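A structural model of the following input is requested.
(chains A and B)
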Amino acid sequence: MTAIPATGPSLSKRARGLLPYLGIAACALWCLAPFYWMVISAFRRPQDQFDNTVVPVRWSLENFTAVFSGGNAFGRALLNSLVVAGTTTLLTLLVGVVTAYALARLSFPFKNAVLGIIIATTMFPGVSQLVPLLKLFTGIGWINTYQAMVVPSLGFALPLSVWLLTTFFRQLPFELEQAAMVDGCTRGQAFRRIIVPLAAPGVFTTAIITFIAAWNEYLIALSMVNEKDMQTATVAISKFTGISGFDQPFGTQMAAGVIVTVPLVIVVLIFQRRIVAGLTAGGVK
Amino acid sequence: MTAMTTADPGAARVRRRPSRAGARRGRGTPWLYLLPAAAVLVPLFGYPIYMLGLLSFFDYRQAQVSGGEPTRFIGFGNYAALVADERFWAVLAQTVVFAAALVVATLAVGAFLAVVLTRAGRVPRLLLSLAAMAAWAAPAMTGSTVWMFLFDTDLGLVNQVLGIEGFNWFYGKWTAFALVGATVVWHSFPFVMVTLYAGMQAIPASVLEAAALDGASAYQSFRRVVVPILRPLITIVVIQSIIWDFKIFTQIYVMTNGGGIAGQNSVLNVYAYQTAFGSSEYGLGSAIGVVMTLILLAVTLFYIRALRRTGEEL
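The predicted structure is shown next:
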């Protein structure tokens, strides 16, 4: 492929066309290699764990069985993660869309200052937040509850969501909303029927960012929960003890990593294609 | 061309005027919209910020927690101790340099791949999306573990392929930082890529066609058309990356085992954590937390002011 005879201007064009593919190849290797290694290590037998063969010598599901074995209670942990991350995403979008709408579409004094303060909250180191929140939640009996994980995650995710949504809402032309209102829509209807669907790619991007952040949250989930039945998947992974109980449970961790990551990737890819398809079919472009 | 941007505030204000009639019903309406966000953020951040600020002015250690000694107000004592602490300055310096390198690398990779994503065919695009999503969705702890295994001294694949078995990447300060950096960028570039990609998808094709018709090269149309339209999103990913990379914790803590040999790879967040919880110097740890927040605020304000000068709003 590389030895293309020089045929005038088409060569440089072809070389330039190849450049992105080279970039993709380098980056795909860099991002995929660790992920590939995670998957492959998960399917090795525990005794082959440190073989560096590109494909397992003997495929085995032993690591996966270990993940779900009685002591780890991983099924329950996955459910907990789903509840916490799902609720967090829904609430973040709800609050975020309302806030971003006001910041993007309404005019009132100190608007930029409000956005600035919201963004500034993300600069606060999460480690320093831990002890005060632990005291607060102990006081109101929230330890070992879903809300003790959802509410802080909501707080972490909200500032970035508001900022992103505000930017996406601002990009939409004001005429569309006004045309709808001239046609008899109320402000609320114009917002729901015109702005939200048009801002769908932005809303969707915000939802992915929020969900992944909440799904991977560790520090709060570790601190607010001490009952095994309430712990999330990330906490469960960090507490794996290995098959024999003493060894470094590398294979089990990798299998759990695969279980936690793969469904997320598939869902995101499916939705992403839908959204892009819906966008190009729509009238804005 | 300006239909997609509100870069011209005058034009936007004129257009917005007719809708003011609706807002006349209640002057407080916009503030009503902000109420839910305030209800979440004020208790979650107000109380901890107050506590952190307060603690940083007190001599608050293990003895005070257990009630053995009274809690004593020492004014700026903790801050004075920090300023005199050579180790603090060393950690601060390497945190700033490391974070700056991470931000530049993350943005460069993320922006490049976002552009590639818009131009690639179906199969490469799917492959790239898959790779990025996998890196992004993997929990930080699992991701760090895989990278550590790949670069393991004796058993790692990388050392085996390079034929340097026995080389310890975590022994040298710079190789350790480079490896942690590669892991962090691996985790964080998808955010930049996905955000910018979503922004580029919203640019009307007609705009780019017009630029191409006017004879703009791919680079020119990117530099002169795409970047200005994406400016608000670029501002977000830059500031967000600065904040995240300056507060980096998990990867350093897990991969270098709490800051490397003799703390050579420590960063401020790890240092604050170890001071507060490791050495039970809660007051001093709080002071580090306050300094971190103030530095981030200063950097962000500086960046926003620089943007203002070029005529951009937040």
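
now chain A, which segments are flagged as low pLDDT?
Flagging of chain A using pLDDT under 70 yields the residue ranges A:1-13, A:20, A:23-24, A:70, A:241-248, A:273-285.

quick check: domain ranges of it?
The record's domain parsing of chain A by automatic domain parsing lists A:12-63, A:73-239.

Next, the distance between the ends of the last one.
In other words, domain A:73-239. 11 Å (Cα to Cα, to the nearest Å).

Tabulate the domains of chain A (CSV), appending distance to residue B:88 and mean neighbour count.
(Glycine included, C-beta is placed from N, CA and C.) What follows is those, written out as CSV (distance: least, Cβ to Cβ, whole Å; neighbours: other Cβ atoms under 10 Å in any protein chain shown):
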stretch, distance to residue B:88, mean neighbour count
domain A:12-63, 34, 16
domain A:73-239, 15, 20
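
now the helices: where do they sit in chain A?
A:9-42, A:62-68, A:74-105, A:111-120, A:126-139, A:147-171, A:174-182, A:187-190, A:196-198, A:200-216, A:219-224, A:233-238, A:250-281 (DSSP state H).

Who's the closest spatial neighbour of residue 237, skipping the chain neighbours?
All of this is about chain A. Distances taken as Cβ to Cβ, 6 or more residues apart in numbering or on different chains place residue A:256 nearest to residue A:237, at 4.7 Å, with adjacent residues excluded.

You answered for a different chain; I wanted chain B.
In space, residue B:237 is closest to residue B:192, 4.8 Å off (Cβ to Cβ, 6+ apart).

Next, the buried residues of the helix or strand that neighbour falls within.
Assigned by DSSP states H and E, residue B:192 falls within helix B:173-201. Within helix B:173-201, the residues scored as buried using 16 or more other Cβ atoms under 10 Å in any protein chain shown are B:176-177, B:179-201.

picking up where we left off before, tell me which residues touch the residue nearest to residue A:237, please.
Contact analysis of residue A:256 by Cβ atoms under 8 Å, 6 or more residues apart in numbering or on different chains lists A:67, A:74, A:233, A:236, A:237, A:240, B:142.

And residue B:131, by the same measure?
A:27, A:28, A:31, A:32, A:35.

Using PDB, write out the CA atom coordinates for the helix or strand encompassing it.
Secondary structure assignment for residue B:131, by DSSP H and E: helix B:122-137. The C-alpha trace of helix B:122-137 is given here as PDB (Å, rounded to 0.1, in the frame of the first residue of the first chain):
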ATOM      1  CA  ARG B 122     -17.400   4.100   9.400                       C
ATOM      2  CA  VAL B 123     -15.100   1.300  10.500                       C
ATOM      3  CA  PRO B 124     -12.100   3.400  11.800                       C
ATOM      4  CA  ARG B 125     -14.700   5.700  13.500                       C
ATOM      5  CA  LEU B 126     -16.300   2.800  15.200                       C
ATOM      6  CA  LEU B 127     -12.900   1.400  16.300                       C
ATOM      7  CA  LEU B 128     -11.700   4.800  17.600                       C
ATOM      8  CA  SER B 129     -15.000   5.300  19.500                       C
ATOM      9  CA  LEU B 130     -14.700   1.900  21.000                       C
ATOM     10  CA  ALA B 131     -11.100   2.500  22.100                       C
ATOM     11  CA  ALA B 132     -12.000   5.900  23.600                       C
ATOM     12  CA  MET B 133     -15.100   4.700  25.300                       C
ATOM     13  CA  ALA B 134     -13.300   1.700  26.800                       C
ATOM     14  CA  ALA B 135     -10.500   3.900  28.200                       C
ATOM     15  CA  TRP B 136     -13.100   6.400  29.600                       C
ATOM     16  CA  ALA B 137     -15.500   3.900  31.100                       C
END
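
any idea of the angle that helix forms with helix A:200-216?
Computed with axes from the mean of the first three to the mean of the last three Cα atoms, to 10 degrees, the direction of helix B:122-137 lies at 40 degrees from that of helix A:200-216.

Kindly format the C-alpha coordinates of stretch A:129-142 as PDB.
The C-alpha trace of stretch A:129-142 is given here as PDB (Å, rounded to 0.1, in the frame of the first residue of the first chain):
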ATOM      1  CA  GLN A 129     -15.100  17.400  51.500                       C
ATOM      2  CA  LEU A 130     -15.200  13.900  52.900                       C
ATOM      3  CA  VAL A 131     -15.000  14.500  56.600                       C
ATOM      4  CA  PRO A 132     -17.600  17.300  56.800                       C
ATOM      5  CA  LEU A 133     -20.000  15.300  54.600                       C
ATOM      6  CA  LEU A 134     -19.500  12.200  56.700                       C
ATOM      7  CA  LYS A 135     -20.400  14.100  59.800                       C
ATOM      8  CA  LEU A 136     -23.400  15.700  58.100                       C
ATOM      9  CA  PHE A 137     -24.700  12.300  56.800                       C
ATOM     10  CA  THR A 138     -24.100  10.500  60.100                       C
ATOM     11  CA  GLY A 139     -26.100  13.200  61.800                       C
ATOM     12  CA  ILE A 140     -29.200  12.700  59.500                       C
ATOM     13  CA  GLY A 141     -28.900   8.900  59.400                       C
ATOM     14  CA  TRP A 142     -27.900   8.700  55.800                       C
END
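
That stretch near chain B anywhere?
Yes - residues of stretch A:129-142 contacting chain B under Cβ under 8 Å from any Cβ of the partner chain: A:129, A:131, A:132, A:133, A:136.

tell me which of those is nearest to residue B:307?
Each of these was checked against residue B:307 using Cβ to Cβ; the closest is residue A:129, at 28.5 Å.

In contact with the closest one, which residues?
A:152, B:44, B:45, B:48.

at 6 Å instead, please
For residue A:129, the contacting residues are residue B:48, by Cβ atoms under 6 Å, 6 or more residues apart in numbering or on different chains.

Check the one 5 residues further on too.
Contact criterion Cβ under 6 Å, 6+ apart gives residue A:223 as the residues in contact with residue A:134.

Next, work out how far apart it and chain B are.
As judged by Cβ to the nearest Cβ, to the nearest Å, residue A:134 and chain B stand 10 Å apart.

Skipping its backbone neighbours, what lies nearest residue 191 in space?
By default, I'm working from chain A. In space, residue A:191 is closest to residue A:101, 6.3 Å off (Cβ to Cβ, 6+ apart).

switch to chain B, that's the one I care about
Closest to residue B:191 by Cβ to Cβ, 6+ apart is residue A:209, at 6.5 Å.

cool, and residue B:117?
residue B:197 (5.2 Å).

confidence score at the one you found?
We have a pLDDT of 86 for residue B:197.

shouldn't it be in contact with residue B:114?
Yes - using Cβ atoms under 6 Å, residue B:197 is in contact with residue B:114, at 4.5 Å.

For the stretch 201-314 of chain B, give me the ranges with low pLDDT.
Using pLDDT under 70, the stretch 201-314 of chain B drops low at B:310-314.

Around chain A, which positions in it sit nearby?
For the stretch 201-314 of chain B, the residues in contact with chain A (Cβ under 6 Å from any Cβ of the partner chain) are B:201-202, B:204, B:232-233, B:236, B:243, B:247, B:269, B:273, B:289, B:292-293, B:296-297, B:314.

Most neighbours out of those, which is it?
In terms of neighbours by other Cβ atoms under 10 Å in any protein chain shown, these top out with residue B:289 at 28 neighbours.

Now it. Nearest residue, chain neighbours left out?
residue A:128 is the one closest to residue B:289 (Cβ to Cβ, 6+ apart), at 3.9 Å.

for residue A:176, same thing?
Leaving out its chain neighbours, the residue that sits closest to residue A:176 by Cβ to Cβ, 6+ apart is residue A:194, at 5.5 Å.

hey, C-alpha coordinates of stretch B:192-200 in CSV?
What follows is stretch B:192-200, C-alpha atoms only, in CSV (Å, rounded to 0.1, in the frame of the first residue of the first chain):
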residue,chain,number,x,y,z
VAL,B,192,-12.2,16.3,25.4
MET,B,193,-12.8,14.2,22.2
VAL,B,194,-16.5,13.5,22.9
THR,B,195,-17.3,17.1,23.9
LEU,B,196,-15.5,18.7,20.9
TYR,B,197,-17.0,16.1,18.6
ALA,B,198,-20.5,16.9,19.8
GLY,B,199,-19.8,20.6,19.1
MET,B,200,-18.4,19.9,15.6
